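Novice: quick one, what's the 3D model for this:
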Amino acid sequence: MKAIEEAVRSDAPATRVVVVEDDQASADVLQRRLQANGMVVSVAHDGKRGIELVEELLPDLVLLDVMLPDTDGYDVCLRIKSNTATSPIPVIFLSARGEVVDKVRGLSCGAADYITKPFQAAELLARIDAVLGQARNPRTPRLGRPIERAPGERLVARVAIADAALREHVEQLLPRSASTSSSFFFHGSISRTRPTRPTSFWSKGTPPSRRTCLRMWRSSA
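Specialist: You can find the predicted model right below:
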């Protein structure tokens, strides 16, 4: 509960949470538990009011029940995520529906987590802490980083190879322009199951296509 504790101890604004829960008793218990941990909690008992609170308050987190009197939580989550102003707000489902299909549907709607009722308060606070931590410190996806290279510059390809015999086989499958180029380098010995250091090749010729790479892999299997 690092993120929650830091918010309580520091001068930072308290974590704002919108709870969308149709059961009055469950909503009251949840509200008291969160308030005891320094959070500011607003409660809605149906989907329409829940969406209104989210759009009005722009909270740090939404705790959302699936079964609501006027709609279901999936629709509420989709509407939150389809609004540019509210889409960054993380949503955690709290539901008695614990089938795999329900969890998959909730996560597919854009929810950050799905907690099945009944749950322990410690588990709920731990999951809230994890979700808030991820929301406040997002990581840049590795594949999202653009490749920087000068105009006309060829890419460098790195290939993990099991042994010398397989490496020779791969060289034979490469395009002739790559295998005969004086700028072509292929070195290193790497285990197929546990790589230890990179083996690489580079060529100023045309790099192999994805189909060629797949053919190389299948023929080596």
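Novice: how many residues are close by residue 99?
Specialist: When neighbours are defined as other C-beta atoms under 10 Å, residue 99 has 10 of them. Yep, even glycine has a C-beta here, placed from its N, CA and C like the rest.
Novice: may I have stretch 14-30 as CSV, with CA atoms only?
Specialist: Extracted in CSV, the C-alpha atoms of stretch 14-30 (Å, rounded to 0.1, in the frame of the first residue of the first chain):
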residue,chain,number,x,y,z
ALA,A,14,-6.0,12.9,-1.2
THR,A,15,-6.9,10.1,-3.6
ARG,A,16,-10.3,10.6,-5.1
VAL,A,17,-12.4,7.5,-5.7
VAL,A,18,-15.9,7.1,-7.2
VAL,A,19,-17.7,4.0,-6.1
VAL,A,20,-20.5,2.8,-8.3
GLU,A,21,-22.4,0.2,-6.2
ASP,A,22,-26.2,-0.5,-6.2
ASP,A,23,-26.2,-2.2,-2.8
GLN,A,24,-26.4,0.5,-0.1
ALA,A,25,-24.9,-1.6,2.7
SER,A,26,-21.9,-2.7,0.5
ALA,A,27,-21.4,0.9,-0.6
ASP,A,28,-21.3,2.2,2.9
VAL,A,29,-18.8,-0.4,4.1
LEU,A,30,-16.6,0.2,1.1
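Novice: residues touching that stretch, excluding its own?
Specialist: With C-beta atoms under 8 Å, 6 or more residues apart in numbering as the test, stretch 14-30 has contacts from 4, 7-8, 31, 34, 38-47, 49-50, 53-54, 57, 59-65, 67-69, 73, 76, 94, 132.
Novice: out of these, which end up buried?
Specialist: Using 16 or more other C-beta atoms under 10 Å as the burial test, those include 4, 7, 31, 34, 39, 41-47, 49-50, 53-54, 57, 59-65, 68, 73, 76, 94, 132 as buried.
Novice: how many other residues sit next to residue 24?
Specialist: Residue 24 has 10 neighbouring residues, counting by other C-beta under 10 Å.
Novice: rounded mean pLDDT for the longest helix along the chain, please.
Specialist: Secondary structure of the chain per DSSP state H: the longest helix is helix 121-136. For helix 121-136, mean pLDDT rounds to 92.
Novice: show the model's pLDDT score for residue 167.
Specialist: Residue 167 is given a pLDDT of 72.
Novice: now residue 82
Specialist: For residue 82, the pLDDT comes out at 94.
Novice: ok, residue 126 to residue 61 distance?
Specialist: Relative to residue 61, residue 126 is positioned 14 Å away (C-beta to C-beta, to the nearest Å).
Novice: for residue 20, same thing?
Specialist: Counting by C-beta to C-beta, the gap between residue 20 and residue 61 amounts to 11 Å.
Novice: what separates residue 54 from residue 101, distance-wise?
Specialist: Counting by C-beta to C-beta, the gap from residue 54 to residue 101 is 26 Å.
Novice: how about residue 135?
Specialist: Taken as C-beta to C-beta, the span from residue 135 to residue 101 is 26 Å.
Novice: which one's more surrounded, the two?
Specialist: Neighbour totals were compared for residue 135 and residue 101, and residue 135 leads with 15 against 8 (other C-beta under 10 Å).
Novice: dump the residue contacts of the spatially closest residue to the more buried one that is not a sequence neighbour.
Specialist: The shortest distance from residue 135 to any residue other than its chain neighbours is 4.9 Å, reached at residue 90 (C-beta to C-beta, 6 or more residues apart in numbering). By C-beta under 8 Å, 6+ apart, the contact set of residue 90 is 60, 61, 62, 111, 112, 131, 132, 134, 135.
Novice: thanks a lot, see you next time.
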